[in-house]
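1. got a predicted model here, sequence first, then my questions.
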Amino acid sequence: MITALRALVSAVPLLPDPDEAREWAERELADPVYRAAEPTPFDRAARAVLDFLERLFTAPVSGDWGPWAFVVLAVLVIAAIIVALLIWGRPRVTARARPAARALFDEDDGRSAAELRADAAAAAERDDWDAATVLRFRAFARGLTERGIVDPPPGATARAFARSAGDALPALGSSGLAAAAVFDDVRYLGRPGTADAYALVRRLDETAVASRVGIPDAGAVAP
C-alpha cells in the first residue's frame, strides 16, 4: 500500500523552480516555429516609417512639428522632381519661341506661311489674281512673324509691316513697300489684281525666305 502511494505521488508533476521555468521557456522559444513568426529587419523598418508618417499627419502642426512638416514636404518635392527628370528628361529649351499666330492686316487668319503660299499658288493657277496677290503678301508677313524677324503690334498696316521688314532684312530694299502698296490697292481699294502684281509679291516673299535671319522659315516657297 505504501509502495503504491509513493508511486502515485512520484507520477504527479511538481511545480518548477524559477531557474527550471526559465530553462523550459528558453527551450520552447528556440523552436523554429516561433523564429519564423518574428518580424524581419525590413518589416521593422517599414513599421517605423509608417509609424512616423502616422504621427506626422495625425499630430497637430505645432512649433515642434512645423519645421519637420516643411522638411518632409521639401524632401517629397525634390524626390518628385528627380523622378520626373528620370522619366521624362530635362525640358528642351528653344533658342527663341515662335510667336503664336495672330491677326494680320485686319483679318484673323490662323493659316501658316506655308499654307498661305499653297493657297496663293492655287489661286494663281485659277487666274484669280486678287486672291493670289493678297494671300501671297499675307504669306510673306506670316513667314517673318513665324521666324521672329518682325513682331508687329496689333493693327499694324501693310506699309508699316513692310518698313519693319526692310529694316530687319536690307535685302528686301524698296520691294516691300511696293508690294504693300499693291496689297492695299487690291485688298482695300478694290483694284483688280494682275499677274504682274502677284509676281511682284511672290518675288518679295522668295527674297525674304532666302534671307536666313532669325529662325529659318520651314515653309517651302510655292511657285
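-> Structure received. Numbers count the residues shown, from 1 in each chain.
2. low-confidence stretches in this protein?
-> For the chain, the stretches with pLDDT under 70 are 1-46, 48-74, 77, 80, 83-108, 212-223.
3. what residues go with each domain of it?
-> Following automatic domain parsing, one gets these domains for the chain: 27-90, 113-210.
4. where does F183 sit, in terms of helix or strand?
-> Secondary structure assignment for F183, by DSSP states H and E: helix 175-187.
5. tell me the buried residues in stretch 169-181?
-> L169, L172, S175, G176, L177, A179, A180 (16 or more other CB atoms under 10 Å). Glycine gets a C-beta too; all of them are placed from N, C-alpha and C.
6. elements contacting the helix holding F183?
-> If contacts are counted by 3 or more CB pairs under 8 Å, 6 or more residues apart in numbering; DSSP states H and E, helix 175-187 sits against helix 129-146, helix 158-168, helix 195-210.
7. re earlier: turn the buried residues of stretch 169-181 into JSON lines, including distance to D130.
-> Conversion of these to JSON lines gives the following (distance: CB to CB, whole Å):
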{"residue": "L169", "distance to D130": "27"}
{"residue": "L172", "distance to D130": "23"}
{"residue": "S175", "distance to D130": "20"}
{"residue": "G176", "distance to D130": "20"}
{"residue": "L177", "distance to D130": "20"}
{"residue": "A179", "distance to D130": "15"}
{"residue": "A180", "distance to D130": "16"}
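8. count the neighbours of D128 for me.
-> Neighbours of D128 under the rule other CB atoms under 10 Å: 16.
9. quick one: secondary structure of G110?
-> coil (DSSP: H, G, I helix; E, B strand; the rest coil).
10. begin at 42 from now on, thanks
-> Right, with 42 as the first residue, what we last looked at is G151.
11. distance check, it against T235.
-> Counting by CB to CB, to the nearest Å, the gap from G151 to T235 is 28 Å.
12. ok, the two, which is more surrounded?
-> Per other CB under 10 Å, whichever of G151 and T235 has more neighbours is T235, with 15 against 10.
13. tell me the spacing between the more buried one and P193.
-> Distance, T235 to P193, by CB to CB: 27 Å.
14. over to A236?
-> Distance from A236 to P193, by CB to CB: 28 Å.
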